[in-house]
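Student: only geometry, no sequence info:
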């Protein structure tokens, strides 16, 4: 089926950029976006990101959903990494190394 969709220059630029990053033609990338939106029309954004629901989907669909989520967050991630290391805000802790986690409260917290 041939479908013509008119989008503004901003959206066209984003589609072209994303397609180029994936090594695709803009038409192919846009087609995949539309197909993904139609296939997931019955899912709301919360249930789409539910890990149990995602694991029930075919591998290619899981990859598409996770890639779309990563693409959606790419600008925020880049913004977090933009300042020099010494100026970045600490945004995550890990307990994987079994070090204790301290929750600082009160006057000494800063």
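Tutor: Everything's here; your move. Just so we're clear, the structure is a prediction, and the values are computed from it rather than from any experiment.
Student: contacts, neighbours, all on C-alpha from now
Tutor: Will do.
Student: mind checking which helix or strand residue 69 is in?
Tutor: helix 59-81 (DSSP states H and E).
Student: what does residue 54 give?
Tutor: Under the assignment here (DSSP H and E), residue 54 is part of helix 51-55.
Student: Residues contacting the helix holding residue 69, please?
Tutor: Residues from elsewhere that reach helix 59-81 (C-alpha atoms under 8 Å, 6 or more residues apart in numbering): 36, 54-55, 88.
Student: Can you say which of those are buried?
Tutor: Applying 16 or more other C-alpha atoms under 10 Å to the contacts of helix 59-81, the neighbour count classes residue 54 as buried.
Student: Using a markdown table, lay out the contacts of helix 59-81 together with distance to residue 22.
Tutor: A markdown table is the format used below for these (distance: C-alpha to C-alpha, whole Å):
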| residue | distance to residue 22 |
| --- | --- |
| 36 | 16 |
| 54 | 22 |
| 55 | 24 |
| 88 | 30 |
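Student: what about residue 22, neighbour count?
Tutor: Residue 22 has 11 neighbouring residues, counting by other C-alpha atoms under 10 Å.
Student: ok, back up a step: quick one: the helix holding residue 54 to chain centroid distance?
Tutor: Taking C-alpha atoms, centre = their mean, to the nearest Å, the mean C-alpha location of helix 51-55 is offset from the chain mean by 16 Å.
Student: returning to that earlier point: pull the most distant pair out of the contacts of helix 59-81.
Tutor: Largest separation among those by C-alpha to C-alpha: 36 and 88, giving 35.5 Å.
Student: Please, where are all the helices along this protein?
Tutor: Using DSSP state H, the helices of the chain run over 9-22, 26-39, 45-48, 51-55, 59-81.
Student: Can you tell me which helix or strand of the chain has the lowest average pLDDT?
Tutor: In the chain, the helix or strand scored least confidently by mean pLDDT, DSSP states H and E is helix 45-48, which has a mean of 50.
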